[in-house]
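Asks: quick one, what's the 3D model for this:
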Amino acid sequence: NTCIACNQACLDHAFQQKIASCLVNPRACHEQELPIIPIAALKAPRKKVAVVGAGPSGLAAATTLAERGHEVHLFDAAAQIGGQFTMASRIPGKEEFRETLRYFARRIELTGVQLHLNRRVDADALLGFDEVLLATGVTPRDPRIKGQAEGQARGQVLTYIDVLRHKKPV
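Replies: Residues are numbered from 1 along each chain as shown. So this is what the prediction gives:
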């Protein structure tokens, strides 16, 4: 995976004398503890798995499950992969986030994950799967600033979703 230059789990951990890791590659520095073992080597059954949510966690889970040998279907209500990571890539100086999305798009192709975009799923749609993994993302933080609700009602206070997704002027 491509470095996004966040310096959080690598440099911050190293300076704190902790084992380094990576926000976009959690196996970094943990390859021995977190091996990807094909199900055939374990004599385990191949499963049909649904992953709901194509943000970074859902993408990583789906491609790893497929790499292990499972049949994986990845669902997302949006028209593209990435979830809020896609929004974050629009922030000036964060363009390198797009490389993580490019990486996962290629991994989906290479591992044979069946991608279902623009598709909301409910419990009935998931009945035919052996396993279901929910990776539906984060809830935006609400800072609860005094006057926030009134400011939002007047269009004077914007959320990052207003600015990045809905392109409201600042």
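
Asks: could you use CA atoms for every contact and neighbour count after this?
Replies: OK.

Asks: which residues touch the residue positioned nearest the centre of the chain?
Replies: The residue lying closest to the centre of the chain (C-alpha atoms, centre = their mean) is residue 56, at 1.4 Å. Residues in contact with residue 56 (C-alpha atoms under 8 Å, 6 or more residues apart in numbering) are 24, 82-83, 85.

Asks: for residue 46, same thing?
Replies: Under the criterion of C-alpha under 8 Å, 6+ apart, the neighbours of residue 46 are 39, 69-71.

Asks: possible to save those as TSV with neighbour count?
Replies: As requested, those are arranged in TSV below (neighbours: other C-alpha atoms under 10 Å):
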residue	neighbour count
39	17
69	20
70	21
71	19
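
Asks: the closest residue to residue 165 other than its chain neighbours: which element?
Replies: Take residue 165 and drop its neighbours on the chain: the residue closest to it by C-alpha to C-alpha, 6 or more residues apart in numbering is residue 87, 6.4 Å away. Using DSSP states H and E, residue 87 sits within helix 84-88.

Asks: can you give me how far that helix is from the chain middle?
Replies: With C-alpha atoms, centre = their mean, to the nearest Å as the basis, helix 84-88 stands 9 Å off its chain's centre.

Asks: mind giving me the packing neighbours of it?
Replies: Secondary-structure packing of helix 84-88 (3 or more C-alpha pairs under 8 Å, 6 or more residues apart in numbering; DSSP states H and E): helix 97-111, helix 160-164.

Asks: which outside residues touch the longest one?
Replies: Right, helix 97-111. 1-4, 24, 59-60, 63, 66-67, 81-82, 85-86, 88-89, 114-115.

Asks: go again using 6 Å as the cut-off
Replies: Contact with helix 97-111 is made by 2, 4, 66-67, 89, as judged by C-alpha atoms under 6 Å, 6 or more residues apart in numbering.

Asks: who touches stretch 19-31?
Replies: Under the contact criterion C-alpha under 6 Å, 6+ apart, stretch 19-31 has outside partners 9-10, 13-14.

Asks: quick one: buried residues of it?
Replies: Neighbour counts over stretch 19-31 (16 or more other C-alpha atoms under 10 Å) mark 20-24, 28 as buried.

Asks: tell me the one of the residues you listed nearest residue 150?
Replies: Using C-alpha to C-alpha, residue 23 comes nearest to residue 150 of these, at 36.1 Å.
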